[in-house]
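K.L.:
Got a predicted model here, sequence first, then my questions.
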Amino acid sequence: MKKLTTLFAATALATLMAGSAWSKTFVYCSEGSPEGFDPGLYTAGTTFDAAAHTVYNRLLEFKKGTTETEPGLAESWTISDDGLEYTFKLRAGVKFQTTEFFTPTRELNADDVVFSYERQLKADNPWNKYVTGASWEYAAGMGFPEVIKSVEKVDDLTVKFTLTRKEAPFLANIAMPFASILSKEYADKLQAEGKMNQMNQMPLGTGPFAFVAYQQDAVIRYKANADYWGGKQKIDDLVFAITTDASVRFQKLQAGECHLMPYPNSADVQAMKADPNLKVMEQAGLNVAYLAYNTTQAPFDKPEVRKALNKAINKQAIVDAVFQGAAQPATNPIPPTMWSYNDTLQDDTYDLDAAKKMLEEAGVKDLSMKLWAMPVSRPYMLNARRAAELMQADFAKIGVKVEIVSYEWAEYLDKSKAKDRDGAVILGWTGDNGDPDNFLDTLLGCNAVGGNNRAQWCNQEFDALVKKAKETSDLAERTKLYEEAQVVFKREAPWATLDHSLSVVPMRKNVEGFVQSPLGDFAFDGVDIVE
């Protein structure tokens, strides 16, 4: 059965690539399967690429190639003098996609915005638990249920957000994928029919591409949204050919079976640059890879144990083996290209003798631990299995026995959130809005414990600093607070910070209009294929 499925997928993909005289098909060899198609439920870039950046829009968007916000579904907005009320004027005439499974009868209005937010904010909303285990991880991790007092419809094209406190990164936050705007009319239909789960399987929005079909772990198909408010796309059909192995993605790219791929093996990059049929984009990634200890479980609840383990990790060896040098060892939880990066901090030096001594002084003997390795390539960690093997060898040198474990990507993300998770987990982050808050609070704040905070670390001193930074609009003051928060992080060591990587995007020479995102997004609006 598996062989037949694979053959079908390959045949279907070849047919799509061939296209026809009157259509233009773009194939993206994506690195993994989406967890679902409702961006509000998830935090993974793989899922955002497959849903948020194809099917949906947000009130504000990030200007291509930057972390600057610009009008999206909201064409303008005003902020009250006290910084607590944000009033958005919606763009008129925005149509929802017409698909085989739904035909809208009205255009976008304020009801859709209120619905899209309230389902994430209110536990008693009928859509709050429409997917089993739904935690609205991003909204919760950023404190939105506490920050947003209300979302109100003023009139059909006006929405007012009232906050409980000043929130400096608010505009950047609502431009993020989890804040995508859904159709309330479509939601009402699904609820009436008892098919609410379909919202996460058959998405419908206002974005540049309409969802057509998904063959599990193989192919996602989209078509250009003919009614898109930003204009119909130059490509008629968009295909995500799910290809988890980076070497196979490269083979497909060389063979012309796909037009663009993410996260190449570093060892392949020179060959890509030498291929006359390909071109390669590069830029410093706004990212960090880390090893998150479960700080609620002994002996990882002791900072001295975590720091001892950190001193046993040869980060340069990981950078050399996994990235062929196209990365740098990480000291802080935010990348050095981000404002407020504290460049006065010193990293834990690689020192096996000191690591052994620190474990002995902490009373730790015969430690055995699990080390979780991601099953997919991400920009910040191209080969987690290899990195895990290197750390396994490092830890063995100080008498620590390591068992490497892994799961399918969606399961890995879900299981690693558990508060009683054992051992340490390899993960990472590419900034979603260019603000330090998106790293420091989203990944390490007390609100994010049980979600994005895989270290389960709630430190009141750190949390107070990042919360205070949210509430001031003075950049110098915010910078100072974030610098202080990084000092606390480094002292307490809930993670071993591993690397910041270079972001590399290879594609066919005839691809035009693709803009590399500092946020790590793969978005295909504006892209064309020139024969």
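P.N.:
It's in. The model shown is predicted, which means the values in this text are computed figures rather than measured ones.

K.L.:
can you list contacts of stretch 100-109?
P.N.:
Stretch 100-109 is touched from outside by 73, 90-98, 156-157, 181, 183, 185-186, 189, 198, 202, 204, 206, 212, with contacts defined as Cβ atoms under 8 Å, 6 or more residues apart in numbering. Yep, even glycine has a C-beta here, placed from its N, CA and C like the rest.

K.L.:
Phi, psi for Gln233 please.
P.N.:
Backbone geometry at Gln233, expressed as degrees, to the nearest 10, gives phi -70, psi 160.

K.L.:
got the end-to-end distance for stretch 396-407?
P.N.:
23 Å (Cα to Cα, to the nearest Å).

K.L.:
how about that stretch: buried residues?
P.N.:
When burial is assessed from 16 or more other Cβ atoms under 10 Å, stretch 396-407 yields the following buried residues: Ile398, Val400, Val402, Ile404, Ser406.

K.L.:
Mind checking the pLDDT average for that stretch?
P.N.:
Mean pLDDT, stretch 396-407: 98.

K.L.:
Contacts for that stretch, please.
P.N.:
308-309, 312, 352, 355-356, 359, 365-375, 384-385, 388-389, 391-392, 395, 412, 415, 423.

K.L.:
what distance separates that stretch from the middle of the whole chain?
P.N.:
Chain-centre distance of stretch 396-407: 27 Å, with Cα atoms, centre = their mean, to the nearest Å.

K.L.:
what do you get for stretch 36-55?
P.N.:
Offset of stretch 36-55 from its chain centre (Cα atoms, centre = their mean): 8 Å.

K.L.:
Might you report the residue contacts of Leu73?
P.N.:
Applying Cβ under 8 Å, 6+ apart to Leu73 gives the contacts Asn57, Arg58, Leu59, Leu90, Arg91, Val94, Leu108, Val113, Ile181, Thr206.

K.L.:
Among the residues you listed, which one has the most neighbours?
P.N.:
Neighbours were tallied for each of the contacts of Leu73 (criterion: other Cβ atoms under 10 Å), and the maximum of 29 neighbours falls on Thr206.

K.L.:
ok, back up a step: out of the contacts of stretch 396-407, which end up buried?
P.N.:
With neighbours counted using 16+ other Cβ under 10 Å, these contain these buried positions: 308-309, 312, 355-356, 359, 367, 369, 371-375, 384, 388-389, 391-392, 395, 412, 423.

K.L.:
Secondary structure class of the closest residue to Gly434 other than its chain neighbours, three-state.
P.N.:
Across the structure, with Cβ to Cβ, 6 or more residues apart in numbering as the measure, the residue nearest Gly434 apart from its sequence neighbours is Thr67 (2.6 Å). Classification of Thr67 by DSSP: H, G, I helix; E, B strand; the rest coil places it in coil.

K.L.:
I'd like the numbering to begin with 329 instead of 1 from here.
P.N.:
Sure thing, new numbering starts at 329, so read that last one as Thr395.

K.L.:
how many neighbours does Thr395 have?
P.N.:
Using other Cβ under 10 Å, Thr395 has 19 neighbouring residues.

K.L.:
now do Leu718
P.N.:
Neighbour count of Leu718, defined by other Cβ under 10 Å: 18.

K.L.:
Tell me the spacing between it and Ala824.
P.N.:
In this structure, Leu718 lies at 12 Å from Ala824, with Cβ to Cβ, to the nearest Å as the measure.
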